[in-house]
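Visitor: After the sequence you'll find the predicted model.
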Amino acid sequence: MFRPQRLFIALALAASVPVLSHAADLPGAVILTGTAEQFSAACKKDLDQARAEVARLKAMKAPRNTAAALRAYDNANLAINFASNRAQVAQVVHPDEAMRNAAEKCGQDASTVATAISLDRGVYDALAGLDVAHADKATKYLLKQSLDEFRRAGVDRDQATRDKIAALNDELTKIGQEFNKNVAKGSRSASFAPEELDGLPDDYKQAHAPGADGKVVLTTAYPDYLPFMKYARSSAARERFYLAYNQRAYPENIDVLRQLLTKRYELATLLGYKNWADYATENKMIGSGQNAADFIARISNAAGPRMQTDYQELLAQAKADNPAATEVHPWDSAYYGERLRSTKYQFDSQSMRPYFEYRKVKEGLFDIVSKMYGVQFRQVKDAKVWHPSVEVYDVYDGKKALGRIYLDMFPRKDKYNHAANFFLTPGRAGTYLPEMILACNFSDPSKGPALMDHGDVTTFFHEFGHTMHLIFSGQPKYAGYNFQWDFIEAPSQMFEEWTVTPAILQLFAKHYQTGEVIPAEMVKRLRAAEEASKGLDVRRQMSFAALSLELHRADPATVDSDRMVQQVTEQYTPFHYVPNTHFQTAFTHLEGYSAAYYTYMWSLVIAKDILTEFQQNGLMNTTVAMKYRKDILEPGASQPAADLITRFLGRPYSFDAYQRWLNQAE
């Protein structure tokens, strides 16, 4: 997952420091390791810089010099987003509450300044009056994107309307922050008798010893929850944990979500759109809320027969335990899915865990990326970090520094509890190198053998696909380009293929005790087993996409979010909604991606098509990898996504590769 920025103007960083030649000079984390007062002072300095750049742009006499005017505007973008990025990161990963509070205030202030600029008719007129007839494509594209976003923001409305828009944007920033804060604080725990851990791996049991009362306390963090739901033999225990997991951030976020939907709807209709879904999709590849709904229907229909077959196989597994069973409960689906993989495909995912020790997986991932793209990762031992567990690596291409990566990989109190990439410092040619933060929640090696499920390995590769996309694209001519969000997941999804290919896994997957290389036959069985629930998985994703979209297409006054969760669950999946669960209260994509969760499947269609070039020539083929780097990864947001894909494939992307993948047996 890549966390999109909330601001109307684009991704950026401060422009008030000298050009950097080495990633070691980057300042982002230094501010995160200071005091809350220093953080706030840095935020104020950046926002003052943004205002000064805007004033400089407006003071230029017409006809303005195009290069100078765009540089001033881009500098304003840089300064605002440098403050905003730090604020977002600090809110989700910083262990100090005072720093998180300072970051929350900084994020609000940055949003206010960004909104003011997006509604400033003087800035718009200055940019609209620039002569770009003889400018390069990069400059023309930036100006077109910028003017489009100004219009979408409401810059052409009267002053009273612009004042209302500004107020609504400020409210939305605060509501979004509250939603995420409640999720971070809304973790739940559940107690189990030791025997209720029967079926779980030994390393899991060792890491979760009973307390003084003889009970094992587990949290709803992924390293606790996901293995339990796959392996614990007690259905009653799984049900109890399922209920706890789906009550995170409840009841707090029921009302916060209502406020979020209400204010988004009010803003969208004020701007002349039918609803927020139409507003949010207009500048994406898909183009409209109706197109998104049609896409969800197309994918759902294509996956429908496969889903029914998958479900009947799960039900057969349930009947083997209980002949009277008439349905598979949601808390039993992962368990019986695992049983199905074992019985039909002779695959036991627990047997794979010893081959995926976290540190070896990380080293293997780095080696693969290095070989594919000709880069090197150099650990920075003395880098300033906000928590002792954070590791830092600079990325080099020969002697040229490309950027810096912070790995914040293990769960802790009040930390973001999913997996995502965050910009700390997006780059710009001649100004800054990019800094990326990868935040995950894997097992901590300091607490025993950090063995990963294969799903964790896939998550690691997926997220690192984002990381390298944003590192490679981190030196554009302008920092103010906007990514088309429904393409942003494609590079990361494509990279998941590397985790189900025997020759790739054998490069690094070795038994943590014996050193034995993972058997190719085991990986082949994994790949076959992964097909077992494909239809169910696709339809589950479509239920999330439909929830995200339909919450934002309806008039919020008519929306009962619990009822909508029930409706999409039972329309798109074969499972019944479980009363007293509230999935939506911790569905963080509702804050970040708003109506656009369909992005994941839209991107997957593209990813499967891009993957065909690697499949034809070999996943580690450096010629294809470097062409992919040059044609798609490096241009980043500086060109329309469809143009990049066409350049790489030599044709427009199509649905064919996805359709073949959906229908293949193994």
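Guide: That came in fine, so what should we check first? For clarity, every value in this text was computed on a predicted model and none was experimentally measured. Numbers count the residues shown, from 1 in each chain.

Visitor: SS state for I488?
Guide: coil (DSSP: H, G, I helix; E, B strand; the rest coil).

Visitor: quick one: pLDDT of it?
Guide: We have a pLDDT of 91 for I488.

Visitor: Tell me both backbone torsions, phi and psi, for it.
Guide: The phi/psi pair for I488 (degrees, to the nearest 10) reads phi -60, psi -20.

Visitor: I figured it hits S603, correct?
Guide: Yes - the pair I488 / S603 is scored as a contact, 6.9 Å apart, by Cβ atoms under 8 Å. The way it works is simple: take the backbone N, C-alpha and C, and place the C-beta from them, glycine included.

Visitor: Between those two, which is the more surrounded one?
Guide: I488 (25 against 22; other Cβ atoms under 10 Å).

Visitor: What separation is there between the more buried one and H466?
Guide: Distance of I488 to H466, given as Cβ to Cβ, to the nearest Å: 8 Å.

Visitor: now do A116
Guide: Distance of A116 to H466, computed by Cβ to Cβ: 30 Å.

Visitor: Helices of the stretch 101-250 of the chain, residue ranges please.
Guide: 121-128, 137-153, 159-185, 202-207, 222-231, 235-245 (DSSP state H, counting those that start in this stretch).

Visitor: Same check on the stretch 251-400 of the chain?
Guide: Ranges of helices within the stretch 251-400 of the chain are 252-270, 276-281, 289-321, 330-345, 349-352, 358-373, based on DSSP H, counting those that start in this stretch.

Visitor: rank the ones you listed by pLDDT, which is bottom?
Guide: Lowest mean pLDDT of the helices of the stretch 251-400 of the chain: helix 349-352, a mean of 90.

Visitor: now for that helix, which elements pack on it?
Guide: When contacts are defined as 3 or more Cβ pairs under 8 Å, 6 or more residues apart in numbering; DSSP states H and E, helix 349-352 sits against helix 520-530.

Visitor: Heading C-terminal from the helix it packs on, find the next helix or strand.
Guide: Following helix 520-530 in sequence order, the next helix or strand is helix 534-553 (DSSP states H and E).

Visitor: what's the angle between the following helix or strand past that following helix and helix 534-553?
Guide: Using DSSP H and E, the next helix or strand after helix 534-553 towards the C-terminus is helix 561-572. For helix 561-572 against helix 534-553, the angle by axes from the mean of the first three to the mean of the last three Cα atoms, to 10 degrees is 140 degrees.

Visitor: Report all helices and strands that helix 561-572 contacts.
Guide: helix 252-270, helix 534-553.

Visitor: now these as JSON lines including distance to Q664 and mean neighbour count?
Guide: JSON lines is the format used below for the helices and strands packed on helix 561-572 (distance: least, Cβ to Cβ, whole Å; neighbours: other Cβ atoms under 10 Å):
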{"stretch": "helix 252-270", "distance to Q664": "38", "mean neighbour count": "19"}
{"stretch": "helix 534-553", "distance to Q664": "9", "mean neighbour count": "23"}
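
Visitor: Dump those into TSV; add distance to Q177 as well.
Guide: Shown next, in TSV, are those (distance: least, Cβ to Cβ, whole Å):
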stretch	distance to Q177
helix 252-270	10
helix 534-553	19
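
Visitor: A116 and H466 - which one has more neighbours?
Guide: Using other Cβ under 10 Å, the more surrounded residue of A116 and H466 is H466, with 24 against 16.

Visitor: Just say helix, strand or coil for the more buried one.
Guide: The local conformation at H466, judged by three-state DSSP, is helix.

Visitor: Regarding the residue lying closest to it once chain neighbours are set aside, which helix or strand does it belong to?
Guide: Spatially, and ignoring its direct neighbours in sequence, H466 is nearest to N421 (4.2 Å; Cβ to Cβ, 6 or more residues apart in numbering). N421 is part of strand 420-425, with elements assigned from DSSP H and E.

Visitor: Just the C-alpha atoms of that strand, please, in CSV.
Guide: Taking C-alpha atoms only, strand 420-425 is exported to CSV below (Å, rounded to 0.1, in the frame of the first residue of the first chain):
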residue,chain,number,x,y,z
ALA,A,420,2.5,0.7,3.8
ASN,A,421,5.1,3.0,2.2
PHE,A,422,5.3,6.7,3.3
PHE,A,423,7.2,9.5,1.6
LEU,A,424,9.4,11.3,4.0
THR,A,425,11.2,13.3,1.3
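
Visitor: mind checking how far it is from the chain centre?
Guide: Mean-position distance between strand 420-425 and its chain equals 10 Å (Cα atoms, centre = their mean, to the nearest Å).

Visitor: Remind me what that strand packs against, helices and strands.
Guide: Packing partners of strand 420-425 (3+ Cβ pairs under 8 Å, 6+ apart): helix 28-32, helix 66-93, strand 435-439, helix 454-472.

Visitor: Least confident of these, on average?
Guide: Between these, the lowest average pLDDT goes to helix 28-32, which shows a mean of 82.

Visitor: Buried residues, the helix or strand following that helix. List them.
Guide: The first helix or strand that comes after helix 28-32 along the chain, using DSSP H and E, is helix 36-59. Within helix 36-59, the residues that count as buried by 16 or more other Cβ atoms under 10 Å are 36, 39-40, 42-43, 46-47, 49-50, 53-54, 56-57.

Visitor: nearest to G618, of those?
Guide: Of all the buried residues of helix 36-59, G618 sits closest to D46, with 45.6 Å by Cβ to Cβ.

Visitor: re the thing from before, of all the helices and strands packed on helix 561-572, which one comes closest to Y345?
Guide: Among the helices and strands packed on helix 561-572, the nearest to Y345 by Cβ to Cβ is helix 534-553 (12.9 Å).

Visitor: before we move on, back to that, which among the helices and strands packed on strand 420-425 is found nearest to I286?
Guide: helix 454-472 (19.9 Å).

Visitor: May I see the buried residues of the closest one?
Guide: Buried, per 16+ other Cβ under 10 Å, within helix 454-472: 454, 456-472.

Visitor: Tally up the residues packed near D382, please.
Guide: So D382, with other Cβ under 10 Å, has 7 neighbours.

Visitor: repeat for E570
Guide: Applying the criterion other Cβ under 10 Å, we find 13 residues in the vicinity of E570.

Visitor: From L57, how far off is it?
Guide: Taking Cβ to Cβ, one finds E570 at 53 Å from L57.

Visitor: How about W331?
Guide: Relative to L57, W331 is positioned 57 Å away (Cβ to Cβ).

Visitor: try P476
Guide: 20 Å.

Visitor: again, but for E435
Guide: Taking Cβ to Cβ, one finds E435 at 27 Å from L57.

Visitor: Q566 too?
Guide: Distance from Q566 to L57, by Cβ to Cβ: 51 Å.

Visitor: same thing with N65?
Guide: Applying Cβ to Cβ, the value for N65 to L57 is 11 Å.

Visitor: Repeat that for P491.
Guide: P491 is 34 Å from L57, where distance means Cβ to Cβ.

Visitor: Can you give the strand pairings for the longest strand seen in the chain, parallel or anti for each?
Guide: As assigned by DSSP state E, the longest strand anywhere in the chain is strand 400-408. According to DSSP bridges, strand 400-408 forms sheet pairs with strand 391-397 (antiparallel), strand 435-439 (parallel).

Visitor: now, of those, which is deepest in the fold?
Guide: Greatest average neighbour count among those goes to strand 435-439 (a mean of 25), per mean count of other Cβ atoms under 10 Å.

Visitor: Would you confirm that G474 belongs to a strand?
Guide: No - according to three-state DSSP, the state of G474 is coil, so it is not within a strand.

Visitor: This completes my enquiry, with thanks.
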